[in-house]
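Participant: Dropping a prediction and its sequence here:
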Amino acid sequence: MLSLFAMTWPVLELLGNNAEFFLARHSPKVEILLLGVVLALGLPAFLAALGSLPGKGGNLVGLGLIAVLSTLLGFLYLRRLPVPWWTAAATAILVGSVATWAFLRFDPARQATRYLLPAPLLFLAIFFFATPSGAVLLDRGSGIGTAAEVGNPVPIVMIVLDEFPLASIIDPEGNLRGDRYPNLARLAADGTWFRNAVTVEQQTEHSLPAMLTGYVPDQSTTPFAGQHPNNLFTALQGSFDLHVHETITRMCPVALCETLTRSTTPIARDVGVVAGHVLLPEPLTADLPEIDRSWGDFGAASADFDMKAEFRKLLKVDARLAVDALVADIAAFSGEQTPLYFLHALVPHHPWQFLPDGRVYPLVVEANPAAKDGGWIDDDFLVAQTMQRHLLQVGYADHAVGEVIEAMEQAGIYESSLMIVVADHGVAIKPGVPHQRMITESTIGEIAAVPLFVKAPGVATGVIDDRRALTIDILPTIAETIEAQLAWDVEGVSLFGPAQQRSGTTTVGPQGEVSYGVGGEEKLVVADRIERWFPGGDPWALRPAGAPDLLGARLDVAALGQGGLIGRIRQPQLYADVDTSGDVIPARVAGTLSGTAGGEVMVAVVVNGVVGAITRSHADDDGVEFLALIPPDLLQDGKNRIELAQILPEGEVRRIDGG
């Protein structure tokens, strides 16, 4: 029974309270059911059987299990105290030893286990009937919600992008960077750009329901139809042909909608990663894949990169697949029934590894040197490099919108459709932020302000509307356009009606509410910082402070004087045979330096004789490392020459020899 308290319940409790783990995997109900049974009944039964083996061997195994599980149970509680992990571990070992001695010495200690026999069934019942994951399991999936009468059925295309601040696509004056993001610019020209839109919720699992229901959901709810029965999808059942692709939510009942292919990663693997983080001390979790940046497929990227193997692996979890599925659905439009196309895409959500044209660059080194405990260190350049990767992926988000528009045009429904492109929330990428996803007074411009473009059917308006628009206004806007009478009260208002005079705004997160004004100045502060890092919004223009403007210049590295440094490019084989027409382009260069005496070094990365990037070294566990992104158009088919040069503070450039 000790295993139930020391192993099963901590993992089962975490999974039970995070239903998004199962929703993101599109787990069938039988998978959730079996997982609960295996953890609550199977694991304790298996360990009990081991401890009951006949003879001395069985006794030793039993005592060993008691010692280990008692220690683990003690550690799980002691680690919550404000003491170092090793203090908790040492104390837990003492607790485990005392518990094992008591079990051997005192008969009441052995007899007490009999009273715990019903505990597995109790914990299983709690998981099934008193947790959000249990609510997902018990969802009937049909007969949910009230259909609306629709007077003007027109095709609807709604794209929800993820982790996308508005500041990423505007200049410091608030103008859309149309040269960088032409497809969003086209959508703005054909419709209305609500430039002052904000999300009412910080987290995806609440912001999506807010958009789809028209009201701010309770923080305790789970994003599935059983807890939000009245939503866009259930309202349009029977009136529209629903093509719904959700990622971490299940707002459309299974009986009404088909979903994307479920995760290909075995659930046992992901549960094992979760268990490792829950049960093991910190030093032993350092090499485990992170679990706070996605809802599954943990450890999808590896530092040991094999291009073909990685590409096959990317296809299993590739965020582009969701866009491809939407495009394919639109291309198959038959005209028999008015369609609703809905997509929540994890774009430009990290991991950032897409180029603006949709190609992928190998991560080479997965760890981000700027990352710290879900936030960012106070290092301007390393954080700017993170923003660079984000901006390139924002470019892909624009590309994806263009693919959808093209598919709509080919299907003949672009002009007649109501098209909405919005983001669920933003992300804070700036030095010293404790957590990149947390809404605070200092991250309003990054987290709350999101893109919102609405193209009405049959109208090319090209209007910029600066009213304070909220994400809960989206559903009422759809309802007014299609003349649908919703069966429930909403808090939002139609954006095609008179502007509502809002005196303040509130965005809700797990840490509480953050209230602020309606002027929208916060996003301009963020855009100004991006402009400082990337003049003109050009993601390839990044260079460290004080670096000369050598980007794009030709440089004969062999003719330079030697500066005493030795540089090594990680995985140089990536550049030995490049296919520039392929899907995977080695645009991220990583390497190490020796001979630096520990100081920071400014490095020019020279690609086939042209300076493709200027970066700066940083210290890590392996020594002195550097990272850089190079424009793909500098690469050529076949073998490529990647050279390094040191830029001294006074501007002199010296050769860095290869090791």
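Facilitator: Thanks, I have the structure now.
Participant: Of all the residues in stretch 624-636, which ones are buried?
Facilitator: 624, 625, 626, 627, 628, 629, 630, 631, 632, 634, 635 (16 or more other Cβ atoms under 10 Å). Quick note: C-beta positions are derived from backbone N, CA and C, even for glycine.
Participant: Hmm, the last one is touching residue 577, no?
Facilitator: Okay, so that is residue 635. No - taking contacts as Cβ atoms under 8 Å, residue 635 lies outside contact range of residue 577: 11.2 Å.
Participant: From the buried residues of stretch 624-636, which land in helices?
Facilitator: Using DSSP state H, no member of the buried residues of stretch 624-636 sits in helices.
Participant: possible to save those as TSV with pLDDT and distance to residue 70?
Facilitator: Shown next, in TSV, are the buried residues of stretch 624-636 (pLDDT from 0 to 100; distance: Cβ to Cβ, whole Å):
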residue	pLDDT	distance to residue 70
624	92	45
625	94	43
626	95	48
627	96	45
628	97	51
629	98	51
630	98	55
631	98	58
632	97	57
634	98	60
635	98	58
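Participant: Kindly provide the distance from the closest residue to residue 40 other than its chain neighbours to residue 32.
Facilitator: Distances taken as Cβ to Cβ, 6 or more residues apart in numbering place residue 124 nearest to residue 40, at 3.9 Å, with adjacent residues excluded. Applying Cβ to Cβ, to the nearest Å, the value for residue 124 to residue 32 is 12 Å.
Participant: For burial, what's the neighbour tally of the residue nearest to residue 40?
Facilitator: Other residues within reach of residue 124, judged by other Cβ atoms under 10 Å, total 19.
Participant: Who are the contact partners of it?
Facilitator: Residues counted as contacts of residue 124 (Cβ atoms under 8 Å, 6 or more residues apart in numbering) are 36, 37, 40, 41.
Participant: With residue 221 instead?
Facilitator: Residue 221 neighbours (Cβ under 8 Å, 6+ apart): 132, 206, 209, 227, 228.
Participant: lowest average confidence, helix or strand, in the chain?
Facilitator: Counting by mean pLDDT, DSSP states H and E, the weakest-scoring helix or strand in the chain turns out to be helix 307-317, with a mean of 40.
Participant: which parts of the next helix or strand after that helix are buried?
Facilitator: Sequence-wise, the next helix or strand downstream of helix 307-317 (DSSP states H and E) is helix 320-331. For helix 320-331, the neighbour count (16+ other Cβ under 10 Å) marks 320, 321, 322, 323, 325, 326, 327, 329, 330 as buried.
Participant: circling back: shouldn't the residue nearest to residue 40 be within a helix?
Facilitator: Yes - according to DSSP: H, G, I helix; E, B strand; the rest coil, residue 124 belongs to a helix.
Participant: Could you measure from it over to residue 15?
Facilitator: 13 Å.
Participant: Repeat that for residue 325.
Facilitator: 27 Å.
Participant: Repeat that for residue 163.
Facilitator: In terms of Cβ to Cβ, residue 163 sits 24 Å off from residue 15.
Participant: do residue 170 as well
Facilitator: 40 Å.
Participant: How about the contacts made by residue 68?
Facilitator: residue 96.
Participant: Sorry, slip of the keys, the one I care about is residue 554.
Facilitator: Going by Cβ under 8 Å, 6+ apart, the list of residues near residue 554 reads 609, 610, 611.
Participant: Just want the phi and psi numbers for the second one.
Facilitator: Main-chain torsions, residue 610, degrees, to the nearest 10: phi -120, psi 140.
Participant: Pull the contacting residues for residue 644.
Facilitator: Contacts of residue 644 by Cβ under 8 Å, 6+ apart are 557, 567, 569, 591, 603, 604, 605, 606, 655, 656, 658.
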